[in-house]
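# how would this look folded up:
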Amino acid sequence: MPTSSRTSGQESPTAVSAVGLRKSYGDKLVLDGIDLRIPAGSVFALLGPNGAGKTTAVKILSTLITTDGGQARVGGHDLATDPQSVRAAIGVTGQFSAVDGLITGEENMLLMADLHHLSRAEGRRVTAELLERFDLVEAAKKPASTYSGGMKRRLDIAMTLVGSPRIIFLDEPTTGLDPRSRHNMWGIIRGLVAGGVTVFLTTQYLEEADELADRIAVLNDGRIAAEGTADELKRLIPGGHVRLRFTDPSVYRTAAAALTEVTRDDEALSLQIPSDGSQRELRSILDWLDSAGIEADELTVHTPDLDDVFFALTSTTTATLPGPTQSKENAR
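As a prediction, this is how the structure comes out:
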């Protein structure tokens, strides 16, 4: 489950806000007036197909490129009038590692400490602390070119943390990593947020957003197609249902005759009832079964997942959302 800032009962301060961000490259409109509000101490995930503008949004908010229109504040600082303060408040890790493979991991860290104008003693203290935190002590004296992909990613984020940023932009940080390294990176991200850091994450791994993000926005054709929690986005997509399975054909037939708006599978002795998967609807179905004296042998809840949301919102025809391409099944 994501580490959430919502459970405190109080609204967190805003770490990143944007209104009407626009960016074009020649005749190509990349961002068409996007609005964002990201609470401090949370994970915000920006999803979208290749070319949707995810990296462009990160580059604008991290001061790497300028916007053509709109306003933004990052870490309480105005992006246009105070970019230097924005840079002091943030860290950025891109799709491709900034690690120098010709020098050791420790030397990479010390170089970053120099860039942040830390004293020699402070730089060595911070380097030692971060190398230990990211389990890189044994490899610290080895050339970074010998590191695995997961180790390079850990070193990359460790280097980003040298300046103690409170907001970190992670642009597809697990691209190319094996599943174990990806899960290790998720643990690192959760740890950062537990320490109060705000994470702006772009990713093409929908499971990653589902696991980590407090809020998710889907970017398509330069606009935010939808935004909300993972559960809120899933409820946008039709196709959720409750499935009842029976072993007694007579009980099955009784239930099928009594229920309306139900899809029958006579061979499997199962009934499919449309449902948004909410507790209220599930309780209603259970109450009806009890009152009718019908006992299903198995009840499962099927809900659309983020794959369904992504494909629906980024398809070429989004006027009517298509049904799910697949569904998660949670036994009850």
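# check contacts around the closest residue to residue 165 other than its chain neighbours.
Leaving aside its chain neighbours, residue 165 sits nearest to residue 91 (3.7 Å; criterion: Cβ to Cβ, 6 or more residues apart in numbering). For every residue, glycine as well, the C-beta is placed using N, CA and C. Residue 91 sits next to 160-161, 163, 165, 167-169 when contact means Cβ atoms under 8 Å, 6 or more residues apart in numbering.
# In CSV: those residues, plus pLDDT, secondary structure and neighbour count.
Putting the contacts of residue 91 into CSV (pLDDT from 0 to 100; DSSP: H, G, I helix; E, B strand; the rest coil; neighbours: other Cβ atoms under 10 Å) gives the following:
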residue, pLDDT, secondary structure, neighbour count
160, 91, helix, 21
161, 91, helix, 22
163, 89, helix, 18
165, 93, coil, 19
167, 96, strand, 21
168, 95, strand, 23
169, 95, strand, 27
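# Just send the residues you listed back as TSV, with distance to residue 300 too.
Converted to TSV, these look like this (distance: Cβ to Cβ, whole Å):
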residue	distance to residue 300
160	43
161	43
163	49
165	44
167	41
168	39
169	39
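# so which strand or helix has the residue nearest to residue 165?
Taking DSSP states H and E as the criterion, residue 91 maps to strand 90-93.
# Neighbouring strands of that strand in the sheet, and parallel or not?
Applying DSSP bridges to the sheet, strand 90-93 is found paired with strand 167-171 (parallel).
# Could you list the residues in contact with the partner strand?
So strand 167-171 is contacted by 15-16, 54-55, 58, 61-62, 74-75, 89-95, 157, 160-161, 189, 192, 197-202 (Cβ under 8 Å, 6+ apart).
# Could you do stretch 115-131 as well?
105-106, 109-110, 113-114, 137, 140, 158, 161-163.
# Among those, name the buried ones.
Neighbour counting by 16 or more other Cβ atoms under 10 Å classes 105-106, 109-110, 113, 140, 158, 161-163 among these as buried.
# For residue 99, which three-state class applies?
coil (DSSP: H, G, I helix; E, B strand; the rest coil).
# mind listing what it touches?
Here residue 99 is in contact with 105, 108, 144, 147, 152, 155-156, 159 (Cβ under 8 Å, 6+ apart).
# Select from those the one having the most neighbours.
residue 105 (29 neighbours; other Cβ atoms under 10 Å).
# If we ignore the residues flanking it in sequence, what's nearest residue 217?
Spatial nearest neighbour of residue 217, chain neighbours left out: residue 227 (4.1 Å); criterion: Cβ to Cβ, 6+ apart.
# Let me know the pLDDT of the one you found.
With respect to pLDDT, residue 227 has a value of 94.
# who touches the host helix or strand of residue 45?
Assessed by DSSP H and E, residue 45 sits inside strand 43-47. Strand 43-47 has contacts (Cβ under 8 Å, 6+ apart) with 2-3, 16, 36, 38, 54, 57-58, 189, 193, 198-204, 206, 208-209, 212-219, 306, 310.
# and those residues, which of them are in helices?
Cross-referencing the contacts of strand 43-47 against helices under DSSP state H gives 54, 57-58, 189, 193, 206, 208-209, 212, 306, 310.
# Can you tell me which of those residues comes closest to residue 242?
Nearest to residue 242 out of the ones in helices among the contacts of strand 43-47 is residue 306 (Cβ to Cβ; 20.5 Å).
# what number of residues lie near the closest one?
Neighbours of residue 306 using other Cβ under 10 Å come to 23.
# Of the contacts of strand 167-171, select the buried ones using a PyMOL command.
In PyMOL, this line selects whichever of the contacts of strand 167-171 come out buried by 16+ other Cβ under 10 Å:
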select buried, resi 15+16+54+55+58+61+62+74+75+89+90+91+92+93+94+157+160+161+189+192+197+198+199+200+201+202
